[in-house]
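Undergrad: Prediction below, plus the sequence it came from.
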Amino acid sequence: MIKKISVGQLRMGMHVHEFCGSWMDHPFWRSKFTLKSDADFERIKSGGVAELWIDTDKGLDVEGPAATVRAITQEAVADEVERELEFVASMPMEFDALDSGDAAMAKAAALYRRSVPKIASMFGEARLGKAIDAGQCEELVEEISESVLRNPGALISVARLKRADEYTYMHSVAVCALMVSLGRQLGLQGEQLKKAGLAGMLHDLGKAVMPLDVLNKPGKLTDAEFDIMKSHPERGHEMLLEGGSAGAVVLDVCLHHHEKVDGSGYPHKLSGQQISLFAKMGAVCDVYDAVTSVRPYKSGWDPGEALRRMAQWKGHFEPRVFQAFVKTVGIYPVGSLLRLQSGKLAVVTAQNAQNLLQPKVKAFFSTKSNMRIEPLEMDLGSGWCQDKVLRCESPDDWQFKDLDILAGVKRN
């Protein structure tokens, strides 16, 4: 298994994995050490080295060629973290232009704005090797939970506006909100709901120590790079264990949110009932936010399209948990593009709690005349409205660029 270890964990007899790919030229991979004796290990330990990447599954043939270690110095890591925190503090966010006329959306955007620097700081501490106190997130989780209880759709809708460079930190907040919403749908209450939210907040902590060139690579990962990324659940689990304050639920979700019910997931290839309810929840919430977000290597899917595709992944999710998730975000989530029986195209603006099949929409295009029309707000669940949903449409087929604006999530 390819993993990052501290120099204190390094022992003679471990094989050092020689990585391949362009990310080897990352400026922080500065030093090479040839391991020939215990003295060489002492030299590494006393040289200010912060972290090393090795393959712990293979043994080192001490009689064979000396191994080469790629090492990152503590100073380089500290510089990298400082620059990242400065960037987060100064970067404009997509939701900064949110229409303040919608009080719920404005509050949700403000909560994200406060949350992102806190998450970035926590990831920075993890990168520097500091112990992570899960308790430091509880106040933020409580605030997110209260926001979800007031208006479940607002926080989730705003989360979709994250840019690629905001993804790592906003993803933690979004999955926290989704876990709380899904937990409510599944009947969780009190402490269980708080644990679900905290697990969502910390599930990807291991990504804090992934090489940035791999984490943010704008293209397909090589097999070696994917092996590195697949180590993030275990790295996060190790850091939370070292912190000593994360409960069983948080540790479990961090370690197992990439398991699949058919046993094809990682890191332990668990299946069915071997996977806890919380880990199954984490799997759905993590994937949904990932596929509906802009990433360095792809654009985000429309929410309705995401649910449609996820439903086709047999063996990935627990059916009961996935069905509850669909109810959580709505069969037609906010921002989905629908074709109505009248021939109009409409975007979903809000859910109808009484009937998920009849959301509130804004019609803006006529397929009969193939022209834009004056936007018309419609409540498909009201008694006077005669129109109905015919089917979901793929935004890619129509190339509309303003669905979020029409949905009221984003201002032009």
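TA: Sure thing, it's come through.
Undergrad: which strand in the chain runs the most residues?
TA: strand 371-379 (DSSP state E).
Undergrad: Can you list the strands that that strand pairs with?
TA: Applying DSSP bridges, strand 371-379 is found paired with strand 360-366 (antiparallel).
Undergrad: for whichever helix or strand comes after the longest strand of the chain, the distance to its chain's centre please.
TA: Using DSSP states H and E, the helix or strand that follows strand 371-379 towards the C-terminus is strand 389-392. With C-alpha atoms, centre = their mean, to the nearest Å as the basis, strand 389-392 stands 29 Å off its chain's centre.
Undergrad: Which strands or helices does strand 389-392 pack on?
TA: Under the contact definition 3 or more C-beta pairs under 8 Å, 6 or more residues apart in numbering; DSSP states H and E, strand 389-392 sits against helix 303-311, strand 337-340. (C-beta placed from N, C-alpha, C; glycine too.)
Undergrad: which of the residues in the longest strand of the chain are buried?
TA: Of all the residues in strand 371-379, those buried under the rule 16 or more other C-beta atoms under 10 Å are residue 378.
Undergrad: Going forward, the N-terminal residue is numbered 52.
TA: Taking 52 as the first residue, the last one we looked at is strand 422-430.
Undergrad: Can you show me the CA trace of that strand as CSV?
TA: What follows is strand 422-430, C-alpha atoms only, in CSV (Å, rounded to 0.1, in the frame of the first residue of the first chain):
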residue,chain,number,x,y,z
MET,A,422,-37.8,30.0,-28.4
ARG,A,423,-37.3,31.5,-25.0
ILE,A,424,-40.4,32.8,-23.3
GLU,A,425,-41.0,35.2,-20.4
PRO,A,426,-40.1,33.2,-17.3
LEU,A,427,-43.2,32.0,-15.6
GLU,A,428,-43.2,30.7,-12.0
MET,A,429,-45.4,27.7,-11.5
ASP,A,430,-46.3,25.5,-8.5
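Undergrad: average pLDDT across it?
TA: Across strand 422-430, the average pLDDT comes to 93.
Undergrad: before we move on, what about stretch 182-198?
TA: Stretch 182-198 comes out at a mean pLDDT of 88.
Undergrad: End to end on it, go ahead and measure it.
TA: Using C-alpha to C-alpha, to the nearest Å, the end-to-end distance of stretch 182-198 comes to 29 Å.
Undergrad: Would you agree residue 185 is in contact with residue 249?
TA: Yes. Using C-beta atoms under 8 Å, residue 185 is in contact with residue 249, at 6.4 Å.
Undergrad: Give me the common contacts of those two.
TA: Taking C-beta atoms under 8 Å, 6 or more residues apart in numbering as the criterion, residue 185 and residue 249 both touch 297, 298, 301.
Undergrad: Am I right that residue 291 is in a helix?
TA: Yes. The assignment for residue 291 (DSSP: H, G, I helix; E, B strand; the rest coil) places it in a helix.
Undergrad: That one and residue 297: what is the separation?
TA: According to C-beta to C-beta, to the nearest Å, residue 291 stands 4 Å off from residue 297.
Undergrad: do residue 425 as well
TA: Remark: distance between residue 425 and residue 297 (C-beta to C-beta) = 53 Å.
Undergrad: cool, and residue 199?
TA: For residue 199 relative to residue 297 (C-beta to C-beta), the value is 21 Å.
Undergrad: before we move on, what about residue 246?
TA: Distance, residue 246 to residue 297, using C-beta to C-beta: 10 Å.
Undergrad: related to what we said a few turns ago, so residue 185 and residue 249 - more neighbours on which side?
TA: Neighbours per residue, other C-beta atoms under 10 Å: of residue 185 and residue 249, the larger number sits with residue 249, 27 against 22.
Undergrad: Hmm, the more buried one is touching residue 299, no?
TA: No. The criterion here is C-beta under 8 Å, and residue 249 misses it with residue 299 at 11.6 Å.
Undergrad: which residues sit in contact with residue 287?
TA: Residue 287 touches 253, 254, 255, 256, 257, 258, 259, 305, 306, counting by C-beta under 8 Å, 6+ apart.
Undergrad: Which members of the residues you listed are the farthest-apart pair?
TA: Greatest spatial distance in the contacts of residue 287: 259 and 306, 15.3 Å, computed using C-beta to C-beta.
Undergrad: And the longest helix along the chain, what does it pack against?
TA: The longest helix of the chain (DSSP state H) is helix 154-178. The elements that helix 154-178 packs onto, with contact taken as 3+ C-beta pairs under 8 Å, 6+ apart, are helix 125-141, helix 189-201, helix 203-210, helix 218-236.
Undergrad: got JSON lines for the ones you listed, with distance to residue 357 and mean neighbour count too?
TA: Shown next, in JSON lines, are these (distance: least, C-beta to C-beta, whole Å; neighbours: other C-beta atoms under 10 Å):
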{"stretch": "helix 125-141", "distance to residue 357": "27", "mean neighbour count": "14"}
{"stretch": "helix 189-201", "distance to residue 357": "19", "mean neighbour count": "17"}
{"stretch": "helix 203-210", "distance to residue 357": "12", "mean neighbour count": "25"}
{"stretch": "helix 218-236", "distance to residue 357": "12", "mean neighbour count": "25"}
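Undergrad: and residue 416, which of those helices is closest to it?
TA: That would be helix 203-210 among the helices and strands packed on helix 154-178, by C-beta to C-beta, at 21.2 Å.
Undergrad: Okay, angle between that closest one and helix 189-201 too, please.
TA: 120 degrees (axes from the mean of the first three to the mean of the last three C-alpha atoms, to 10 degrees).
Undergrad: CA-only coordinates of helix 203-210 in PDB, if you can.
TA: Taking C-alpha atoms only, helix 203-210 is exported to PDB below (Å, rounded to 0.1, in the frame of the first residue of the first chain):
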ATOM      1  CA  PRO A 203     -32.700  22.000   4.000                       C
ATOM      2  CA  GLY A 204     -32.600  23.100   0.400                       C
ATOM      3  CA  ALA A 205     -30.800  26.400   0.800                       C
ATOM      4  CA  LEU A 206     -27.400  25.100   2.100                       C
ATOM      5  CA  ILE A 207     -27.400  22.200  -0.400                       C
ATOM      6  CA  SER A 208     -28.200  24.500  -3.300                       C
ATOM      7  CA  VAL A 209     -25.500  27.000  -2.500                       C
ATOM      8  CA  ALA A 210     -23.000  24.200  -2.200                       C
END
